[in-house]
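# pasted the sequence and its predicted model underneath.
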Amino acid sequence: LFRQAPIRRFAIGLVPSLFAGAVMTVVLWSSGTLHAIPGTWLLLYGCGLIAASTATGRTVGFLGGAFVAVGLLAFVLPDSLQIAMLDVGFGGLHILFGYLARRTGHGSEG
């Protein structure tokens with residue numbers, strides 16, 4: 001599966017950021033800085049999508065930029081809104097961009 005060029009390029013762009021997110025989660029958890037974990041996840045996932053957009057196109061890059069923005073916002077919001085920011089990012093942005101991609105024909109097959 002990863003031998004196909006577009007999938008391989010997408011993975012090469014995304015996987016380093018996902019790995020960094022996993023490492024940072026352990027570091028932040030160990031230091032008791034739990035407030036920074038959601039922002040870190042959103043920010044690094046967004047950076048990974050931006051890097052992966054070289055294999056997919058601008059839409060994935062825009063999605064990545066939106067994740068970066070939500071991640072930065074998560075860093076300054078209170079603890080009580082951290083789960084909501086994860087919902088907005090991983091739930092809302094994926095649904096919104098999926099809908100827009102489908103509506104504009106970028107998500108259709110054939």
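Ah, there it is.
# quick one: pLDDT of Val60?
Model confidence at Val60, given as pLDDT, is 89.
# neighbours around it, how many?
Close neighbours of Val60, defined as other CB atoms under 10 Å, add up to 23. Where C-beta positions appear, they are placed from N, C-alpha and C, glycine not excepted.
# ok, and for the helix or strand where it lies, which residues are buried?
Using DSSP states H and E, Val60 sits in helix 58-76. The neighbour-count check on helix 58-76 (16 or more other CB atoms under 10 Å) flags Thr59, Val60, Gly61, Phe62, Leu63, Gly64, Ala66, Phe67, Val68, Val70, Gly71, Ala74 as buried.
# how about stretch 26-44?
So for stretch 26-44, counting by 16+ other CB under 10 Å, buried means Leu28, Ala36, Ile37, Pro38, Gly39, Thr40, Trp41, Leu42, Leu43, Leu44.
# that one: end-to-end distance?
End-to-end distance for stretch 26-44, by CA to CA, to the nearest Å: 14 Å.
# cool, and stretch 69-89?
OK, stretch 69-89 end separation, CA to CA: 9 Å.
# next one: stretch 67-83
Start-to-end, stretch 67-83 (CA to CA) is 14 Å.
# got a list of contacts for that stretch?
Here stretch 67-83 makes contact (CB atoms under 8 Å, 6 or more residues apart in numbering) with 34-47, 49-50, 85-86, 88-89, 93.
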